[in-house]
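Chemist: Okay, predicted coordinates and the sequence, questions at the end:
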Amino acid sequence: MTKINQRFSAIEMSKDEFKKAGHQLVDAISDFMDTIYEKPVTTGETPNQIQKVLGNASLPVQGTKVSELISKTSDLLFDHSLLNGHPKFFGYITSSPAPIGALADLLAASINPNVGANILSPVATAIEKQTVKWLAEFIGVSPSCGGILVSGGNMANLTAFLAARTTKAPESLKENGLASLTAELVFYCSKATHTWVEKAAVLFGHGLNAIRWIPTDADNKMNIGVLSQTIEDDLKNGKKPFLVVGNAGDVSTGVVDNLNAIAAVCKVHDLWFHIDGAYGIPAAVIPQYKNLFKGIQEADSIALDPHKWLYAPLEAGCTLVKNPQHLIDTYSSHPVYYNFNHNIEEPTLNYYEYGLQNSRGFRALKVWLALQQVGKNGYIEMIGEDIALSQLLFEKAKKHSELEAITQNLSITTLRYVPANVQGKKWDESYLNTLNEKMLNELQQEGEVFLSNAVVAEKYCLRACIVNYRTSKQDIEESIDIIVKKGRTLHEKLKPK
Ligand SMILES: Cc1ncc(COP(=O)(O)O)c(C=O)c1O
């Protein structure tokens with residue numbers, strides 16, 4: 001008995017030990033953040049090189065002092081990570097993480113609420129509920145809509161997809177599964193839609209052929225005429241359309257579909273209207289951009305990623321739904337071993353009934369705190385600046401004789417290197433594609449600037465997505481120089497003789 005009371009387990013830390021290690025870590029992190037500008041974006045090390053740094057030790061049998069572990073591990077991570085917090089990180093769609101998010105994650109992990117059930121996380125559940133409401137207000141949809149924080153864009157979209165299916169498919173689906181349906185369920189999205197739709201089709205038993213990839217028009221927006229026609233053809237052929245996905249910032253080039261028109265088509269055919277705004281929808285907070293997002297109030301569900309354009313550290317996505325009952329209808333179950341609903345006076349919000357996860361961490365805290373740290377106005381400024389910097393990159397590329405500016409939407413610019421014409425020589429398209437692809441591969445290794453790629457009208461492009469509150473005008477100017485220098489060097493090596 002006394003032994004139990006006096007227990008000091010191997011994993012426990014004394015107050016002094018925790019304080020010391022914590023201070024040491026916070027000091028190291030503040031130095032890291034303060035000097036991130038001076039480091040390369042990536043060391044470009046290969047997996048083998050990283051493996052050598054890590055060593056090949058077998059499973060530790062004895063313990064090691066925490067201070068030693070924290071010191072070694074922070075050095076390991078600072079020196080060998082790709083730094084998406086670097087001002088010249090423009091790859092894919094991952095933001096510089098807000099420092100308050102790092103503090104929030106430490107606090108959240110220290111309390112460790114299980115935000116699956118209200119009884120296990122009374123304050124955290126209320127904070128998540130408020131965060132969801134604020135996110136709805138942020139983008140300008142009704143704060144009465146409900147939702148849940150999830151790990152990211154894929155999960156936010158998949159969570160909504162299943163709610164759409166439960167709501168629009170015949171009721172028998174829940175009991176008897178897809179095999180019992182007399183009409184095949186099909187859904188619609190533009191060709192520019194992120195690959196999560198394929199995951200949804202495969203994982204949830206529809207198969208890839210259930211996806212109707214609607215072509216895009218000249219602006220890369222979903223072609224609404226083709227959408228309507230395809231739905232009508234499907235109905236004639238005995239299919240059961242249930243969902244249309246609109247993009248609010250497509251993954252490659254940031255195009256926002258004509259959401260209002262998609263909403264109207266959904267209304268005519270009683271289809272669920274989902275918006276994938278994982279990347280772009282936070283731009284709806286900017287008054288001048290409101291019009292671009294017209295129609296978002298009509299959506300049955302919206303995916304939005306705080307870990308993209310709200311600068312939350314990974315992971316934080318969010319599914320918003322106009323009617324949260326659709327989430328409950330999809331995800332709720334009441335096993336006897338859950339004593340979660342005993343307060344009959346007040347309805348209880350249990351997040352396990354809103355999504356796929358059961359035990360859930362406190363993701364909302366970092367989003368909730370950042371929204372308070374800077375407020376809506378702070379975000380209007382930061383998102384607006386990201387867009388302005390992306391436009392600057394586009395304009396600089398347009399003016400440069402060896403660059404071709406291809407697209408600019410929201411904060412995504414695509415461009416490519418086109419060597420100067422020599423005696424009127426025009427470069428072959430396949431050569432330009434190879435040249436730009438090789439440029440991207442080398443740039444991604446060398447760590448001066450980190451870009452990703454897009455293929456636009458069969459042109460292989462370099463793509464910069466600025467969701468980075470640390471990027472400045474100077475970073476854009478220097479990036480242009482780095483790209484052109486890389487293009488010239490590689491062209492000298494590769495040009496057809
Ligand atoms: C439009 C869009 N949807 C979904 C996703 C997937 O998001 P995540 O990587 O957070 O799962 C992305 C990722 O870039 C995206 O741009």
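Modeler: The structure has been received and is ready for your questions.

Chemist: Phe187: how many residues sit nearby?
Modeler: Using other C-beta atoms under 10 Å, Phe187 has 25 neighbouring residues. No exception for glycine: its C-beta is placed from N, CA and C like everyone else's.

Chemist: Not counting its neighbours along the chain, what's nearest it?
Modeler: Take Phe187 and drop its neighbours on the chain: the residue closest to it by C-beta to C-beta, 6 or more residues apart in numbering is Leu243, 4.0 Å away.

Chemist: Next SSE downstream of whichever strand or helix holds that neighbour?
Modeler: Assigned by DSSP states H and E, Leu243 belongs to strand 240-247. Remark: after strand 240-247, the chain's next helix or strand is helix 259-269, criterion DSSP H and E.

Chemist: buried set for the following helix or strand past that next one?
Modeler: Where DSSP H and E defines the elements, the next helix or strand beyond helix 259-269 is strand 272-276. Using 16 or more other C-beta atoms under 10 Å as the test for burial, strand 272-276 gives 272-276.

Chemist: Closest one of the residues you listed to the ligand?
Modeler: The ligand lies nearest to Asp276 out of the buried residues of strand 272-276, by C-beta to the nearest ligand atom, at 4.8 Å.

Chemist: Please work out which residue of the chain is closest to the ligand.
Modeler: Per C-beta to the nearest ligand atom, Gly153 is where the chain lies closest to the ligand, at 2.2 Å.

Chemist: Over to that residue: give its phi and psi.
Modeler: With angles defined as degrees, to the nearest 10, Gly153 sits at phi -60, psi -40.

Chemist: Let me see the contact set for it.
Modeler: When contacts are counted by C-beta atoms under 8 Å, 6 or more residues apart in numbering, Gly153 touches 194, 196, 276, 278-279, 303, 305, 308, 317.

Chemist: Please list which of these are also close to the ligand.
Modeler: When C-beta under 6 Å from any ligand atom is applied, the members of the contacts of Gly153 adjacent to the ligand are 194, 196, 276, 278-279, 305, 317.

Chemist: which ones among these are found in helices?
Modeler: Applying DSSP state H to the ones next to the ligand among the contacts of Gly153, the entries found in helices are Trp196.

Chemist: mind listing which of the ones next to the ligand among the contacts of Gly153 are in strands?
Modeler: 276, 317 (DSSP state E).

Chemist: List only buried entries from the ones next to the ligand among the contacts of Gly153.
Modeler: Buried by 16+ other C-beta under 10 Å: 194, 196, 276, 278-279, 305, 317, out of the ones next to the ligand among the contacts of Gly153.

Chemist: now the residues you listed in CSV, with pLDDT?
Modeler: Below are those laid out as CSV (pLDDT from 0 to 100):
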residue, pLDDT
His194, 98
Trp196, 98
Asp276, 98
Ala278, 98
Tyr279, 98
Asp305, 98
Gly317, 98
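
Chemist: Make a markdown table out of those and add distance to Pro60.
Modeler: A markdown table is the format used below for those (distance: C-beta to C-beta, whole Å):
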| residue | distance to Pro60 |
| --- | --- |
| His194 | 40 |
| Trp196 | 38 |
| Asp276 | 43 |
| Ala278 | 39 |
| Tyr279 | 41 |
| Asp305 | 36 |
| Gly317 | 34 |
